[in-house]
Each structure stands twice: as C-alpha cells, then as structure tokens.
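Trainee: Quick check, what structure comes out for this input:
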Amino acid sequence: MATTRRTFLGLTGAAAAAAAGITPAFARDSATLYIGTYTSAGGTGIGLASYDATSGAITATGVLTGVQEPSFLIADPSARFLYAVNEQTDGGVTAVAVDAPGKLRVLNRQSTGGSAPCHLALVADGKYLVSANYGSGDVAVHPVNADGSLAARTDLVKHVGAAPHAHQVVEDPTGQYILSVDLGTDTVYTYTIAAPGKLTETAQAKLETGAGPRHLAFHPNGRYAYVANELDSTVVPCEYADGRLTPGTPLPTAPANSPQNYPGEVIVSADGNFVYVSNRGHNSIAVFAISADGATLTRTATPSTGGDWPRHCAIDPTGTLLLVSNQRSNSITTFHRNQQTGTLTPAGSFTTPSPVCTLV
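Mentor: Next up, the predicted model:
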C-alpha cells in the first residue's frame, strides 16, 4: 500500500442484501467476529475471533491468509459470504465463502479499476457489490454471481471535482439510491443503479469547504442521516428524502482544546436513540443523544477508547456491546452499552495486529 495522506494518518505511531436465489445455509452466529487489517502494517489477512457479549472478552480463533489489505469487510445477510476491499494501489475486492461460522474460503478477487478501495456495500437486493476507491476517487460496480463470487466490473464512475477521494458507499434505507461520500470534494454523491450494473448520478450534497466528509449513517426512520467529517472533526445531521441530503449545522465530535482530531466511523444504534463517532487523536468515542424525530444531536460523553487511533467501531447484534478497532495500539477494546442511556463502560481489551474494522 503506497504511503498517502490517509495511510500516513493510519500507520504512523505503530451489509445490505443477499445474492438473488441464495437460501441461507445457517443463521448468523453472533459470537463470531471477523477483523479487517492492514497486511502492510502487521496484519496477516482477515482475522477470526469469537466474543462473549456478556463479558466483552474476545478470543482469537485463526486468520484467513492470502487476502491483502482487507481494511473493510461486509457480510451478506445469508451469512454465507463475506466481501473485503483490497486497499492497494492496484485496488481490488475479494469474495469469501463462509463454509461455517469462522471457517472461510476465498472465492475470487476482481480489480476495482482504481486505487486504494476502502469501503464497499451490497446493493439492489444483493445483485451488485459497489466499492469506493479512495486513491483514484471513483466508484466501481461488480455483479454478484449466484455462488457468491464476483463477476467482472461493469462500471467505474469518477467523482466530479478537484482531488476526489471516495471514502464510503452506502445504500439508502429504501434501496432506491446509493450514496457515496467523498472526503476530497466535500460532497456526497447520489446514484441509482440499473442492469447491467451501471450507475447514474441523481444528486449532490455539498458539505462545508474543507470539512472532509468520511462516512454517513442513516437514522432508522430514513428521514435523517449523520455525516462524520474527518478534517474539521464534526458530525452533521442531515435531512434526507428521495436521494437528497440537506446538511444541517455541524457539531464538534471532541471537546474544546482537544488534540488534533480526525473522526473515523459513525454509527447509529438500532433503536435510533444514539449516534457514536470514533475520534482518532482524542482517542475517544463521542456519544450523541438523538432527538425523538432524529433531527438533532446532543453530545453527552466522550469516553476514552483505551487505545490509540480508533479507526472503526461497531455495535454487536445484541445491542449491548460496542467494539472499537484501535489501529495504532494493535487492540480491539470492548464496552458494555447501556441501551437506555447510551453510556459506555469499559469491558475488555484484545491484542491483534493492525485492526481497522470489526464485523459482528
């Protein structure tokens, strides 16, 4: 992986729909954990572990080697397949079969046609995998075959603007639109997709100049989304309707006089009551209470992650455990989550090389 602004920030100092026609082979095992890593920074592939939602303890169970730079992972809802980015100069996406929970097998890899893909999503009822190429600032489309493998790329759409850096792709709650968040152009682009896997841009939403939008997460009601801005350390509540975002007032994710801070991940609790943002630099999780209608956020706490450079965070299926990937300190920390108050209480810490994503 070439050293760029994003890899310098990360390395210094140390899923949406099932593929059509597939019947689930088994229920998703909520005790299985898959770990995305940088193989150029000590990782050896996709990490495998189990976890206890009650205690917060994580136990290593193995690794799937042979997958390079799998820095972001998703699963299809059937639990039979995983998909990983290969965040390399010659970017790719890898399809992985889950023969049983924690037992993985590489199906194939396809080129994204761009560089440093860092995010992906299944869209259109699992017919396509879309990926965001950070380095080249474009979005790639790959059809998903019936066996879970990936067909050849059918589209590659460049974001319009100076120095684009596509950082996320996400399907909206209606399944009608795909949103791509671009850190370089301070823009969220909206697309539709149609056979044979072609994207059509339908809208753009501009964030403040220099904000550096990184990721967004939707409220369960589908009428609001929350955009985490990496470069100005803010989160922005946005109204959403018919593929169009309307940004509101940015809110700081870290306290005043904090060290220079770069938000990493933004997630929303399943009940729509809380937003969590990982703060790289302040090394904390910003906890925001959401108003009843989803329109406003109020920051309530910024507890330490107990590690360095929390690139990613995720809530487990029980809703009671939050997992944080601390990239620079080579640790995943866990927190008990109070579902009524949103409060986080430290639960455990697990050492593993270069964790940058947890899939639970």
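Trainee: count of residues packed around residue 280?
Mentor: Neighbour count of residue 280, defined by other CB atoms under 10 Å: 26. The way it works is simple: take the backbone N, C-alpha and C, and place the C-beta from them, glycine included.
Trainee: does it have beta-bridge partners, and which?
Mentor: residue 262 (DSSP bridges).
Trainee: Tell me the pLDDT of it.
Mentor: pLDDT, residue 280: 98.
Trainee: Residue 27 now?
Mentor: 45.
Trainee: do residue 79 as well
Mentor: 88.
Trainee: Determine the three-state secondary structure at it.
Mentor: coil (DSSP: H, G, I helix; E, B strand; the rest coil).
Trainee: ok, it to residue 69 distance?
Mentor: Distance check for residue 79 against residue 69: by CB to CB, to the nearest Å, it reads 24 Å.
Trainee: got it, and residue 103?
Mentor: For residue 103 relative to residue 69 (CB to CB), the value is 22 Å.
Trainee: now residue 359
Mentor: 16 Å.
Trainee: The two: who's more crowded?
Mentor: For residue 359 versus residue 69, neighbours defined as other CB under 10 Å are more numerous around residue 69 (29 against 19).
Trainee: That one: which element?
Mentor: Per DSSP states H and E, residue 69 falls between elements, in no helix or strand.
Trainee: how about residue 260, what does it touch?
Mentor: For residue 260, the contact set (CB atoms under 8 Å, 6 or more residues apart in numbering) comprises residue 281.
Trainee: ah, wrong one, I meant residue 59
Mentor: Residue 59 touches 49, 50, 51, counting by CB under 8 Å, 6+ apart.
Trainee: How about the first one: what's its closest non-neighbour residue?
Mentor: Meaning residue 49. Once flanking residues are discounted, residue 49 sits nearest to residue 33: 4.3 Å by CB to CB, 6 or more residues apart in numbering.
Trainee: Provide the count of other residues in contact range of that neighbour.
Mentor: 24.
Trainee: And for residue 217?
Mentor: Residue 217: 20 neighbours (other CB under 10 Å).
Trainee: go on, residue 65?
Mentor: Residue 65 has 12 neighbours, counted by other CB under 10 Å.
Trainee: Local confidence estimate at the closest residue to residue 164 other than its chain neighbours?
Mentor: Take residue 164 and drop its neighbours on the chain: the residue closest to it by CB to CB, 6+ apart is residue 137, 2.8 Å away. Looking at residue 137, its pLDDT stands at 98.
Trainee: hang on, the earlier thing: enumerate every residue touching the residue nearest to residue 49.
Mentor: Contact partners of residue 33, counting by CB under 8 Å, 6+ apart, are 47, 48, 49, 50, 51, 58, 323, 358, 359, 360.
Trainee: give me phi/psi at it?
Mentor: Backbone torsions of residue 33, given as degrees, to the nearest 10, read phi -130, psi 130.
Trainee: One more: the one 5 residues further on?
Mentor: Here the main-chain torsion angles of residue 38 (degrees, to the nearest 10) amount to phi -100, psi 110.
Trainee: Name the nearest residue to it, ignoring sequence neighbours.
Mentor: Using CB to CB, 6+ apart and skipping the chain neighbours, the partner closest in space to residue 38 is residue 354 (4.6 Å).
Trainee: Hmm, residue 165 is touching residue 139, no?
Mentor: No - Residue 165 is beyond contact range of residue 139, at 11.7 Å (criterion: CB atoms under 8 Å).
Trainee: who has more neighbours, the two?
Mentor: A direct count of neighbours by other CB under 10 Å for residue 165 and residue 139 places residue 139 higher, at 29 against 26.
Trainee: Which neighbouring residues are in contact with that one, exactly?
Mentor: 130-133, 155-157, 159, 166, 169, 180, 189, 191, 199.
Trainee: Shouldn't it be within a strand?
Mentor: Yes - under three-state DSSP, residue 139 falls within a strand.
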